[in-house]
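Undergrad: structure, please.
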Amino acid sequence: MIEARNLTKRYGDKVAVDDLSFTIPGGTVTGFLGPNGAGKSTTMRMIVGLDRPTSGSVTVNGRPYRHHRAPLREVGVLLDAKAMHPGRTARSHLRALAASHRIPASRVDEVVEMTGLTSVAHKRVGGFSLGMGQRLGIAVALLGDPRSLILDEPVNGLDPEGVTWVRTLVRQLAAEGRTVLISSHLMSEMAMTADHLLVIGRGRILAAGPVQDVIDAATGAVVAVRSPQAEELAAHLRVDGHSVDLAQDTLRVRGATTEAVGELAARRGLVLHELWLHRASLEEAYLNLTGSAVEYRATTTETPS
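TA: Numbering: from 1, shown residues only. The predicted structure is shown next:
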């Protein structure tokens with residue numbers, strides 16, 4: 001479990017993390033989302049003691065990270081896959097870490113095989129592709145068989161097979177009761193991987209909770225209806241106080257359930273060809289939540305004709 005209480009970090013006049021309080025429970029995958037500059041990296045660095053909070057506190061498995069006698073056995077971390085000596089081989093890098101943390105050498109062989117690095121384990125890290133570097137970073141995070149994992153953009157540079165592998169891996173780790181905090185800008189992947197979301201912007205929490213709850217709260221579910229009597233149905237729904245958008249024979253109704261729309265149509269003797277609940281995507285919800293919290297926004301220019 002990872003717990004933050006009023007966690008704050010200032011750099012001079014800039015507030016990077018602003019009074020964050022959250023709990024990341026064991027047995028779940030929590031997606032950590034936010035625009036560039038939102039404070040995600042700073043928060044993760046404070047969790048593992050790389051940055052000291054200006055105020056507030058954060059604990060992992062009940063203690064501040066620096067108080068754990070064997071931190072690699074408590075928390076596996078991937079923050080920067082390139083933070084390795086380029087002249088070392090993958091295996092020698094892992095062996096050095098294992099030796100310094102009293103982890104059996106046999107565990108090195110296990111994580112090498114687990115992460116698909118067997119064929120390149122004796123190659124120097126400096127020659128690794130981005131994807132292989134990510135796999136080695138994940139191997140480092142898994143080395144101590146930790147109870148909690150923090151993975152920053154773990155699928156960056158991976159091919160589709162690698163992305164699927166990471167998704168399966170973190171789901172399996174959570175099923176074993178471990179705490180998994182994972183950040184990514186790939187909304188479709190987070191929608192398939194995460195159980196819960198923690199969304200921040202400008203250092204503050206914008207939303208937190210189960211994935212579908214966050215999506216519904218940010219966008220609202222819409223009942224879609226296709227009917228040859230769409231205009232008449234729309235008029236009745238508006239009388240009942242619902243917001244209705246009509247395009248040809250299809251209605252989009254906010255503030256209603258499929259049951260309510262179906263029952264109203266039945267009472268009025270109106271024919272329905274289709275009736276379904278349309279839920280927004282995580283990407284739509286994310287853009288709604290973070291639209292006003294984007295610190296770095298590109299501008300578009302029109303091409304002269």
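
Undergrad: CA only for contacts and neighbour counts going forward, please
TA: OK.

Undergrad: just the pLDDT at R254, thanks.
TA: R254 is assigned a pLDDT of 85 by the prediction.

Undergrad: show me the contacts for it.
TA: R254 sits next to G220, A221, V222, V223, H242, S243, V244 when contact means Cα atoms under 8 Å, 6 or more residues apart in numbering.

Undergrad: what's the neighbour count on the second one?
TA: Translated: A221. 19 (other Cα atoms under 10 Å).

Undergrad: could you do the first one as well?
TA: G220: 16 surrounding residues under other Cα under 10 Å.

Undergrad: the helices in the stretch 151-300 of the chain, which residues?
TA: 160-175, 187-193, 211-219, 230-239, 258-268, 282-290 (DSSP state H, counting those that start in this stretch).

Undergrad: make CSV out of those and add mean pLDDT and distance to H101.
TA: Below are these laid out as CSV (pLDDT from 0 to 100; distance: least, Cα to Cα, whole Å):
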stretch, mean pLDDT, distance to H101
helix 160-175, 94, 21
helix 187-193, 92, 30
helix 211-219, 89, 36
helix 230-239, 94, 66
helix 258-268, 94, 57
helix 282-290, 92, 39
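
Undergrad: nearest to V48, out of these?
TA: With Cα to Cα as the measure, helix 160-175 is the member of these nearest V48 (19.2 Å).

Undergrad: only the buried residues of that closest one, if you could.
TA: G162, V163, W165, V166, R167, V170, R171, L173, A174 (16 or more other Cα atoms under 10 Å).

Undergrad: got the domain boundaries for this structure?
TA: 2-216, 221-278 (automatic domain parsing).

Undergrad: highest mean neighbour count out of those?
TA: domain 2-216 (a mean of 19; mean count of other Cα atoms under 10 Å).

Undergrad: okay, how far is it across that one, tip to tip?
TA: 26 Å (Cα to Cα, to the nearest Å).

Undergrad: for the residue lying farthest from the centre of the chain, grab phi and psi.
TA: Going by Cα atoms, centre = their mean, the residue of the chain most distant from its centre is G269, 46.0 Å out. When quoted as degrees, to the nearest 10, the phi and psi of G269 stand at phi 70, psi 30.

Undergrad: residues in contact with it?
TA: No residues are in contact with G269 under the rule Cα under 8 Å, 6+ apart.

Undergrad: next one: it relative to I182, how far apart?
TA: Look at G269 and I182: by Cα to Cα, they are 51 Å apart.

Undergrad: what separation is there between T257 and A266?
TA: Shown here: T257 relative to A266, a distance of 14 Å by Cα to Cα.

Undergrad: now N36
TA: From N36 to A266 the distance is 50 Å (Cα to Cα).

Undergrad: do the same with E189
TA: Distance from E189 to A266, by Cα to Cα: 40 Å.

Undergrad: between the domains of the chain, which gets nearest to Y286?
TA: That would be domain 2-216 among these, by Cα to Cα, at 7.9 Å.
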